[in-house]
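Sequence first, predicted model second:
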Amino acid sequence: MNANRVSFALIVIPLLASARSEAQQSWLHGYTLDMHGAVIPGIQIRVASREHECMSTTDIEGRFNWQLPPGAYEVTALGNNIVPYRRSTVTVASAHPTSLIVRPLFAAPSDQDRIPNPAPKYQVVNAKSGALMRFETSQGDSDSVTFRGDLMLSVEAVSIYADSITCSTQRSTCSARGSVLVDAGSEQLQGTSIEVDLSNRTFVLRREPAVTRTF
């Protein structure tokens with residue numbers, strides 16, 4: 001009788017461990033789009049944490065999809081006539097799917113040598129939130145720094161695009177005026193200005209009605 005009980009335990013324990021492992025998995029999925037919202041197929045998307053790495057190519061509808069263990073993941077992208085892309089890390093939480101929109105920059109076609117390619121730089125603008133700015137030029141004074149060029153301010157699953165973005169020298173707040181595009185998870189939002197509080201992880205997008213999000 002005791003031997004049977006031991007044998008049963010040896011079978012059941014691995015099954016329970018496997019079930020717990022699957023329950024801890026979650027999903028990171030999304031789309032690759034251009035700045036006009038058209039899907040971009042055939043882009044290589046790579047996600048990597050300290051313990052896990054995946055790479056796949058977006059399908060005909062520009063989609064990518066992974067089942068991943070919880071963690072903070074770097075996201076990069078490569079493709080034909082695409083400038084190498086990266087953004088802030090994205091946190092994948094247990095049993096909580098994360099949506100993401102990736103908008104790569106296009107390089108000039110290989111036969112168009114006279115067209116200058118974008119030359120993005122990257123700078124962490126807030127260490128606590130991990131917010132990352134992609135930009136080409138910057139100019140600042142004692143109070144603020146203004147970034148210009150092919151801009152993208154990314155933090156978690158939020159990406160903000162504008163003609164110029166100004167951040168306080170303490171890098172706790174950033175703002176933009178004019179035409180603003182925000183990808184918040186799978187949402188695509190447009191407005192006339194935005195105020196971002198990186199310390200409290202919120203933004204307010206001015207439109208009718210205004211949109212407030214926490215990230």
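Yep, that arrived.

Could you give the number of residues near the nearest residue to Glu61 once chain neighbours are set aside?
Sequence neighbours aside, Val39 is the residue nearest to Glu61 in space, at 5.6 Å (criterion: C-beta to C-beta, 6 or more residues apart in numbering). From N, CA and C alone the C-beta is placed, and that goes for glycine too. When neighbours are counted by other C-beta atoms under 10 Å, Val39 registers 15.

pretty sure Asp143 is touching Thr166, no?
No: judged on C-beta atoms under 8 Å, Asp143 makes no contact with Thr166 at a distance of 9.5 Å.

domain parsing for this protein?
Following automatic domain parsing, the chain resolves into domains at 25-107, 118-215.

could those go into JSON lines alongside mean pLDDT?
Supplementary listing: the domains of the chain in JSON lines, determined by pLDDT from 0 to 100:
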{"stretch": "domain 25-107", "mean pLDDT": "94"}
{"stretch": "domain 118-215", "mean pLDDT": "95"}
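
picking up where we left off before, identify the bridge partners of the residue nearest to Glu61.
Leu33 (DSSP bridges).

need the contact list for it.
By C-beta atoms under 8 Å, 6 or more residues apart in numbering, Val39 lies in contact with 31-33, 61-62.

From Ile60, how far out is it?
8 Å (C-beta to C-beta, to the nearest Å).

Common neighbours of the two, please.
Residues touching both Val39 and Ile60 (C-beta under 8 Å, 6+ apart): none.

The spatially most central residue of the chain: what's it in contact with?
Centroid-nearest residue in the chain: Ala157, 4.6 Å away (criterion: C-alpha atoms, centre = their mean). Neighbouring residues of Ala157 by C-beta under 8 Å, 6+ apart: 90, 98-100, 183-185, 215.

what about 7 Å?
90, 98-100, 185, 215 (C-beta atoms under 7 Å, 6 or more residues apart in numbering).

Take these and keep only those in strands.
When DSSP state E defines the strands, the subset of the contacts of Ala157 inside them is 90, 98-100.

So of the residues you listed, which two are at opposite extremes in space?
Val90 and Ser99 (9.9 Å; C-beta to C-beta).

who has more neighbours, the two?
Neighbour count, other C-beta under 10 Å: between Val90 and Ser99, Val90 has more, with 23 against 16.

so what's that one up against?
Contact analysis of Val90 by C-beta under 7 Å, 6+ apart lists 28, 73, 75, 98, 100, 156-157.

So how do I select the buried members of those residues in ChimeraX?
Of those, the buried ones go into a single ChimeraX selection, burial set by 16 or more other C-beta atoms under 10 Å:
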select :28,73,75,98,100,156,157
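
can you pull up the bridge partners for Val155?
Beta-bridge partners of Val155, as defined by DSSP bridges: Val158.

cool, Thr146 as well?
Gln139, Thr166.

Wait, it touches Ser168, no?
No: using C-beta atoms under 7 Å, Thr146 is not in contact with Ser168, being 11.0 Å away.
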